[in-house]
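K.L.:
below is the structure, and that's it, no one-letter string:
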């Protein structure tokens, strides 16, 4: 992990993924502007001791931690409920989401974000983006925060909410426009629609490009999982024979086509939930967005303006080497959004 020696007004976003932990440490505020004072990646296999030491070097004040949370139990839906006092909404939400969670509502934590009335017609009701997740999953995150020595986090947010923080903090797009963020993790891709800093829609994809590629390398070449991982790493560093390179490029071409079809279906699903709106731009983030040719393939297949999401576009990054940070930036989008909470 890389860090500077500055100490005031710090916050850290910690994105805990399936293979590694991504961290971003920011200093400053929305009014004063933000400066990047630390960032890094730690392999999950390295254990908590190394993470504790790295975070200790950043000298964070107690309570400055913001964590992500993702789980199969997490449900994110648009829900329209009758008009009522805010204190009654959570109870109404519990029963409105009962058919979505297919389990005892008492086992879940429910949260919501109000959708501004200008975004949608709700026939006199209150339009919400609702979140539900098992209580014990949240408790595990709290235990994790304690185990790394940073105390109780100030917030625990789904990845989609963290990405929306980037768009509410900075003007990536016009406030009236809708944009898609495709956050490509190792095993899950999350499709998120944001507008004016608001989450309007979020759904996970059924496959991740990286995990699916590894599975297909194993089966097509008849090699072990570890050998497939090593081959993928060599491919990303352009260290393969022409035959190996050709095989992986063929597998990726097929994957990219499937991925583009999934994106198109998701856009169509969003427009069914929010009729009359349109998507103006697509951003790519996450580690799997680094595969060469993905952006160009999506542009050709979908015919929309697509670019890599740079979470540090409006943040002072002068303390760090630009080339190294540019390589890492898209993978740090969720962690950066968390740190902006």
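P.N.:
Okay, I see it. Source: prediction; values computed, not measured. Numbers count the residues shown, from 1 in each chain.
K.L.:
ok, and the closest non-adjacent residue to residue 263?
P.N.:
residue 302 (6.2 Å; CB to CB, 6 or more residues apart in numbering). Glycine gets a C-beta too; all of them are placed from N, C-alpha and C.
K.L.:
quick one, what contacts the one you found?
P.N.:
260, 263, 264, 267, 282 (CB atoms under 8 Å, 6 or more residues apart in numbering).
K.L.:
name the next helix or strand following the helix or strand containing the third one along the chain.
P.N.:
So the one you mean is residue 264. Assigned by DSSP states H and E, residue 264 belongs to helix 242-273. Where DSSP H and E defines the elements, the next helix or strand beyond helix 242-273 is strand 279-285.
K.L.:
sheet partners, orientation included, of that next one?
P.N.:
Strand 279-285 has the following strand partners under DSSP bridges: strand 178-184 (parallel), strand 306-308 (parallel).
K.L.:
so which bits of the last one are buried?
P.N.:
Using 16 or more other CB atoms under 10 Å as the test for burial, strand 306-308 gives residue 306.
K.L.:
which residues in the chain form strands?
P.N.:
Assignment of strands within the chain using DSSP state E yields the ranges 2-3, 10-16, 20-29, 33-43, 65-68, 75-81, 108-114, 126-134, 155-157, 178-184, 189-195, 198-204, 279-285, 306-308.
K.L.:
elements contacting the third one?
P.N.:
So that's strand 20-29. Where contact means 3 or more CB pairs under 8 Å, 6 or more residues apart in numbering; DSSP states H and E, strand 20-29 is packed against strand 10-16, strand 33-43, helix 48-57, helix 333-339.
K.L.:
most tightly packed of these?
P.N.:
helix 333-339 (a mean of 31; mean count of other CB atoms under 10 Å).
K.L.:
output the contacting helices and strands for that helix.
P.N.:
By 3+ CB pairs under 8 Å, 6+ apart, helix 333-339 packs against strand 10-16, strand 20-29, strand 65-68, helix 159-169, strand 178-184.
K.L.:
out of these, nearest to residue 327?
P.N.:
strand 20-29 (13.3 Å; CB to CB).
K.L.:
and the angle for the closest one with strand 10-16?
P.N.:
With axes from the mean of the first three to the mean of the last three CA atoms, to 10 degrees defining the directions, strand 20-29 sits at 160 degrees from strand 10-16.
K.L.:
what's in contact with strand 20-29?
P.N.:
1, 3, 6, 8-15, 34-44, 51, 54-55, 58, 60, 311, 315, 331-332, 334-336, 338-340.
K.L.:
kindly report the domain assignment for the chain.
P.N.:
Split into domains by automatic domain parsing, the chain comes to 2-70+142-170+310-339, 75-137, 173-308.
K.L.:
report the beta-bridge partners for residue 199.
P.N.:
If you apply DSSP bridges, the partners that residue 199 bridges to are residue 194.
K.L.:
thought it was touching residue 164?
P.N.:
Yes: the pair residue 199 and residue 164 passes the contact test of CB atoms under 8 Å, sitting 4.6 Å apart.
K.L.:
got any residues that touch both of the two?
P.N.:
residue 192.
K.L.:
of the contacts of residue 302, buried ones?
P.N.:
260, 263, 267, 282.
K.L.:
got CSV for the strands paired with strand 279-285, with mean pLDDT and distance to residue 108 too?
P.N.:
What follows is those, written out as CSV (pLDDT from 0 to 100; distance: least, CB to CB, whole Å):
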stretch, mean pLDDT, distance to residue 108
strand 178-184, 95, 23
strand 306-308, 94, 35
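K.L.:
just put those in TSV and tack on distance to residue 27.
P.N.:
Converted to TSV, the strands paired with strand 279-285 look like this (distance: least, CB to CB, whole Å):
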stretch	distance to residue 27
strand 178-184	25
strand 306-308	25
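K.L.:
tell me the most buried of those?
P.N.:
strand 178-184 (a mean of 24).
K.L.:
could you tell me the least trusted of the domains of the chain?
P.N.:
Note on the domains of the chain: lowest mean pLDDT is at domain 2-70+142-170+310-339, with a mean of 85.
K.L.:
related to what we said a few turns ago, okay if I get the buried ones among the contacts of residue 302 as a markdown table plus distance to residue 136?
P.N.:
Shown next, in a markdown table, are these (distance: CB to CB, whole Å):
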| residue | distance to residue 136 |
| --- | --- |
| 260 | 37 |
| 263 | 33 |
| 267 | 34 |
| 282 | 35 |
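K.L.:
excluding its backbone neighbours, what's nearest the residue positioned nearest the centre of the chain?
P.N.:
Taking CA atoms, centre = their mean, the centroid of the chain lies closest to residue 159, which sits 3.8 Å from it. Nearest in space to residue 159, with sequence neighbours left out and distances taken as CB to CB, 6+ apart, is residue 334 at 4.9 Å.
K.L.:
mind checking how far that neighbour is from residue 197?
P.N.:
Per CB to CB, to the nearest Å, residue 334 is found 16 Å from residue 197.
K.L.:
repeat that for residue 243.
P.N.:
Taken as CB to CB, the span from residue 243 to residue 197 is 48 Å.
K.L.:
the more surrounded of these two?
P.N.:
residue 197 (15 against 7; other CB atoms under 10 Å).
K.L.:
ok, the closest residue to that one other than its chain neighbours - contacts?
P.N.:
Nearest residue to residue 197, sequence neighbours excluded (CB to CB, 6+ apart): residue 168, at 2.6 Å. Applying CB under 8 Å, 6+ apart to residue 168 gives the contacts 196, 197, 198.
K.L.:
thanks a lot, catch you later.
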